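>>> Sequence first, predicted coordinates after that:
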There are 2 protein chains.
Amino acid sequence: MDEYNQLFKALNILEEDLQEEIIKVAELQTVPKNTFIVVQDKYIKWLAIVISGKVRVWQEDGDRQILLYYVNPIQTCVLSLSATFKDCKSSVNAKTIEETTIIKIPVRFASTWSFKYFSWNKFTSNSFIFSYEDLLHSFKNLAFNKNDKRLLDYLKSQRKKTQSSIIPISHSQLAKEIGTTREVVSKILKQFELSGIVNLKFKQIELL
Amino acid sequence: MDEYNQLFKALNILEEDLQEEIIKVAELQTVPKNTFIVVQDKYIKWLAIVISGKVRVWQEDGDRQILLYYVNPIQTCVLSLSATFKDCKSSVNAKTIEETTIIKIPVRFASTWSFKYFSWNKFTSNSFIFSYEDLLHSFKNLAFNKNDKRLLDYLKSQRKKTQSSIIPISHSQLAKEIGTTREVVSKILKQFELSGIVNLKFKQIELL
DNA sequence: ATTTAACTGTATCAAAAGGTACAAGTTGGA
DNA sequence: TCCAACTTGTACCTTTTGATACAGTTAAAT
């Protein structure tokens, strides 16, 4: 029950009717690390809201991947929000990267609520807006910046997020974040090291 | 007045209250070809809905551009929709590519309507969903496909849209659609011609 | 008809990206 | 301790992309 209150507070859901509806139809679930929440080309049946933990959302093509975003606590995956309004297949993958607690709401409810409850309306619009702006930014970045710049930007954003100059990640994972191959990442990182920008250790990159 | 009725019909706006509100606060405007509707980094003050004509929406960086989408009649630019809900600067440009009639609605109204009127709620959600899916598709395409494939895809989509195998466009404009340079486009097209995929004329490409 | 501006073709070079292949290092568990 | 799986470094080569430069073409305007 605590998780629901967390959700209500975070989304500013004051309507008691909505609170009741959510509790009635939602399903609280704690899933282990590395569990798929959404799989590319499969239908989405639930709107998932992350309460604790973290979910990675990406697109893939063959053995290449590119990160779309991470879903943090009290966020939802916009893609499942889309499905909420229009029955559709997912064009992304989503997987927990640590043990994660989610609240699952059947998609048919979530869309009617957006007209019925003001707080839900705000929540969905805000999610869409935030995510759209975010994706736009990623698109522009991908269109106009080379891999080295995008890699460095990624490292810097990680440093900012975690408040630590040491980023624990393998070259191949890094490649899957920025949408290239492991070899390319290794080469760029080696260049960065020679330029004194980073310090390389096993599965660990220190930004200087 | 005819334009408003067109709008109401297309968006299935049956609520008389909403019709009145729209007529009261909106502004009908016909703008010539090549007029900027939205400029990157400027604040958006209006939600623009295209009634007739066509608007091109793109991002740019230096002298490079990449197409985001075209806004066709009875569509809105999602970006201006974002601004509707959250006062923000535009991260895109939008310009008419033919004489275009738009209905402009001050952003502060558009967001309140989404909770007040069901048809408006549907309109905004649908716009977001459609645009998000579209951008996701473009992102994936950009991440995993080379210029030649993206160029060919663009030509094919144009053929489908216009129902004509002859696509009237210059190499430099094509470069601005797919996010590369004129020379690259010229080289790729020449390859296509040698492979018998296209027929090249001045400012005109025929898909075979 | 002539000028002008935009468009196209191409050659050359350089940089970026990626694929293959293999050696060597690191870790975690059997 | 030792093996298996994963990780990293790198050499070599190819393709893709992009930048520069210039010549020739086409269309539109005066």
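The structure has been received and is ready for your questions.
>>> what about residue A:102, how many neighbours?
28 (other CB atoms under 10 Å in any protein chain shown). C-betas here are computed from N, CA, C, even on glycine.
>>> Quickly list what it is bridged to.
Residue A:102 has the following beta-bridge partners by DSSP bridges: residue A:29, residue A:50.
>>> I'd assumed residue A:54 was in contact with it.
No - the criterion here is CB atoms under 8 Å, and residue A:102 misses it with residue A:54 at 11.0 Å.
>>> tell me which parts of chain A are close to DNA strand D?
A:170-173, A:182-183, A:186-187, A:189-190, A:200, A:202-204 (CB under 7 Å from any atom of the strand).
>>> could you redo these as a markdown table and give each row pLDDT?
Listed next are the residues of chain A next to DNA strand D as a markdown table, based on pLDDT from 0 to 100:
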| residue | pLDDT |
| --- | --- |
| A:170 | 94 |
| A:171 | 94 |
| A:172 | 93 |
| A:173 | 93 |
| A:182 | 94 |
| A:183 | 94 |
| A:186 | 94 |
| A:187 | 93 |
| A:189 | 94 |
| A:190 | 92 |
| A:200 | 92 |
| A:202 | 91 |
| A:203 | 90 |
| A:204 | 91 |
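>>> Which ones, among those residues, also lie beside DNA strand C?
When contact is defined as CB under 7 Å from any atom of the strand, these meet DNA strand C at A:183, A:202, A:203.
>>> Confirm that the first one lies within a strand, as I assumed.
No - with DSSP: H, G, I helix; E, B strand; the rest coil as the criterion, residue A:183 is helix rather than part of a strand.
>>> From residue A:190, how far off is it?
Distance, residue A:183 to residue A:190, using CB to CB, to the nearest Å: 11 Å.
>>> Please name the nearest non-neighbouring residue to residue A:172.
Computed as CB to CB, 6 or more residues apart in numbering or on different chains, the closest residue to residue A:172 that is not its neighbour in sequence is residue A:182, at 4.3 Å.
>>> What about that neighbour, how many residues nearby?
For residue A:182, the neighbour count with other CB under 10 Å is 14.
>>> For it, give me its contacts.
Listed by CB atoms under 8 Å, 6 or more residues apart in numbering or on different chains, the contact partners of residue A:182 are A:171, A:172, A:175.
>>> now the lengthiest helix in chain A and helix B:118-144, what's the angle there?
Determined from DSSP state H, the single longest helix within chain A is helix A:118-144. When axes from the mean of the first three to the mean of the last three CA atoms, to 10 degrees is applied, the directions of helix A:118-144 and helix B:118-144 differ by 30 degrees.
>>> what does chain A put close to DNA strand C?
Contact residues (CB under 7 Å from any atom of the strand) of chain A with DNA strand C: A:146, A:147, A:148, A:180, A:181, A:183, A:184, A:188, A:202, A:203.
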